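Chemist: Could you work out the structure for the sequence below:
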Amino acid sequence: MPAQARFRPLRCAVLTLSDTRTPETDTSGDTLAERLQAEGHHLQDRALLPDDLYRLRAQISVWIADPRVEVILTTGGTGLTGRDRTPEAVRPLLDRHIDGFGELFRQISFQEIGVSTLESRAFAGVANATVIFCLPGSRNACQTAWDHIIRQQLDARHQPCNLVALLPRFNEA
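Modeler: Numbers count the residues shown, from 1 in each chain. Predicted coordinates for the structure are as follows:
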């Protein structure tokens, strides 16, 4: 019988993408930071950038290369407007796509916002053993993603599987 897994705190970064929010009005970033810390994870870094494809890609690249960052949570830029460029910025950086995340997020969101979830391009993936979740910019969407999907996937005790198993520091002999 396998040994009972134990909780392992992860080092996370939160990035908000918005042309209008400030550190004082960033409720989506606050929600993610508060929830991950309440679960026992560490907020390693946090940033707020305008919706700019190249600045977003540069910041994500820095965190992907930083061994101290294991999880990246972004909020904003996943819609369909001309300024929403998060998928175009981040997807080329991914080694693997976690297709099920976007599918599950939209399924859960449908219960809350109906067919408006059609406009969400939320997605997740892995790059350089860093797990990346790209979420819509609304506080409610961040709550939904964290409460119903991310929280469990970042908990090594969640069975039958979780994303913690992908992180190198927990799989060294």
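Chemist: all contacts plus neighbour counts: C-alpha atoms, from now on.
Modeler: Will do.
Chemist: wait, L118 sits on Q107?
Modeler: No. When contacts are counted by C-alpha atoms under 8 Å, L118 is not listed as touching Q107 (9.8 Å).
Chemist: quick one: low-confidence parts of this protein?
Modeler: In the predicted model, the chain carries pLDDT under 70 at residues 1-3, 170-173.
Chemist: State the phi and psi torsions of A65.
Modeler: phi -80, psi -10 (degrees, to the nearest 10).
Chemist: ok, how many other residues are close to L135?
Modeler: Residues lying near L135 (other C-alpha atoms under 10 Å) number 29.
Chemist: D26 too?
Modeler: 19.
Chemist: tell me the contacts of it?
Modeler: T16 (C-alpha atoms under 8 Å, 6 or more residues apart in numbering).
Chemist: Next: F123.
Modeler: P87, I98, D99, F101, G102, F133, C134, L135.
Chemist: Report the separation between it and D45.
Modeler: 21 Å (C-alpha to C-alpha, to the nearest Å).
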